[in-house]
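In: have a look at this prediction, sequence included:
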Amino acid sequence: MISAAIFCATMTMTPGPNNVLLATSGANFGIRRTLPHLIGIRVGQTLLHVSILLGLGGVFETWPVMHQALQFASLAYLLFLAYKVFTLPVDNELAVAERQPMTVKESALFQWINPKTWMATITLCTAFTIGGEAYWLSAIAGVFIFNIIGFPASFTWVILGATIRRKLNTTKRRKGFNLLMSGLLLVTIPLIIR
């Protein structure tokens, strides 16, 4: 299980859609207002993990068109998120005050179309489980390990964003940061269209 823990740390610490969004939220909304987003990631990933363990992967093997539809939805949503990040208001104080970070529900649902979450979860469910009678014990241990490692690893991105927030003290800097983060979301698209 040490190898599974290392894998989970690698998957949750490296840049991807979740971490880009967490850093963006930390920078724009602060740590406290970003916590529901972070909790939603863990909830959504756990539900996806359990669903894959219970056979969702087999459904995609039987009906590949469902997988293709999920890929299309992923692409469309990442484009939408990149647009939303790019167009976050930075100079109108009323508009800035009305902005809201992702909710628990929104970020949980995002895990179902996040290609990095799918790849990491499928790998964890296959490469880091034990066959035979020990399968379910190792599979359930994987769910716990992913959450025990994943929460603090993802939280570092929130802290990074909140730390950067102090430097985003002008409209130009905030706009530049949002442009950079929007661009980073677009860079994740090749994960989908392979």
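Out: Happy to help now that I have it.

In: where does the protein have its least confident helix or strand?
Out: The helix or strand of the chain with the poorest confidence is helix 93-98; it has a mean of 56 (mean pLDDT, DSSP states H and E).

In: what helices and strands are in contact with the very next helix or strand once past it?
Out: Helices and strands here follow DSSP states H and E; after helix 93-98, the next one along the chain is helix 104-110. The elements that helix 104-110 packs onto, with contact taken as 3 or more Cβ pairs under 8 Å, 6 or more residues apart in numbering; DSSP states H and E, are helix 17-51. Quick note: C-beta positions are derived from backbone N, CA and C, even for glycine.

In: can you point out the buried residues in the helix it packs on?
Out: 17-29, 31, 33-38, 40-46, 48-49 (16 or more other Cβ atoms under 10 Å).

In: flag the shaky bits of the protein, pLDDT-wise.
Out: 56-57, 60, 67, 91-98, 191-194 (pLDDT under 70).

In: where along it do the helices fall?
Out: Counting by DSSP state H, residue ranges of the helices within the chain are 2-13, 17-51, 57-62, 64-86, 93-98, 104-110, 115-127, 135-165, 171-187.

In: tell me which of those is the most buried.
Out: Among these, the stretch with the highest mean neighbour count (mean count of other Cβ atoms under 10 Å) is helix 17-51, at a mean of 22.

In: centre of the chain versus that helix, how much separation?
Out: Centroid separation for helix 17-51 versus its chain: 6 Å, with Cα atoms, centre = their mean, to the nearest Å.

In: that one vs helix 2-13, what angle?
Out: Angle of helix 17-51 versus helix 2-13, following axes from the mean of the first three to the mean of the last three Cα atoms, to 10 degrees, is 140 degrees.

In: ok, the nearest residue to Phe29 once chain neighbours are set aside - contacts?
Out: Spatial nearest neighbour of Phe29, excluding adjacent residues (Cβ to Cβ, 6 or more residues apart in numbering): Pro101 at 4.4 Å. The neighbours of Pro101, taking Cβ atoms under 8 Å, 6 or more residues apart in numbering as the test, are 25, 28-29, 33-34, 36-37.
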